[in-house]
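Participant: below are the sequence and a predicted model; questions follow.
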Amino acid sequence: MSDSISTHRKFVNILHTDFSYIAAIIISLDNIQDGRLDFIEQNSFGQPVFAIINKDEVIPTNIINRLTGVIDLNKEYRPDSAGCSQTDR
């Protein structure tokens, strides 16, 4: 997943943090299916949680309302002059 996200911040394994210096959480669908979302909800301080999905992955409907958002790596982002992406229209 780290090859899909560009940041100057340090990546932290959620199983090895106390969540006190975590601003946002990004997890994969595999992480969700392995129970990591449950772990986050039990141990974090309510930080926003985003799921990142690849080709042909779909977030189950019983999970989607537990997330702040979904980062879909299949969507092409091309900002236009108005500041919104072509896919948002």
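Facilitator: Noted; the coordinates are in hand.
Participant: can you name the residues that contact the spatially most central residue of the chain?
Facilitator: The centroid of the chain falls nearest to F50 when counting by C-alpha atoms, centre = their mean (2.5 Å). F50 makes contact with 24-27, 67-71, according to C-beta atoms under 8 Å, 6 or more residues apart in numbering. Just so you know, the C-beta spots here come from the backbone N, C-alpha and C atoms, and that holds for glycine as well.
Participant: check which helix or strand it maps to.
Facilitator: In this structure, F50 is located in strand 49-53 according to DSSP states H and E.
Participant: what are the buried residues along that strand?
Facilitator: 49, 51-53 (16 or more other C-beta atoms under 10 Å).
Participant: before we move on, back to that, could you give the bridge partners of the residue nearest to the centre of the chain?
Facilitator: I26, G69 (DSSP bridges).
Participant: low-confidence ranges in the protein?
Facilitator: Residues of the chain meeting the criterion pLDDT under 70: 1-9, 76-89.
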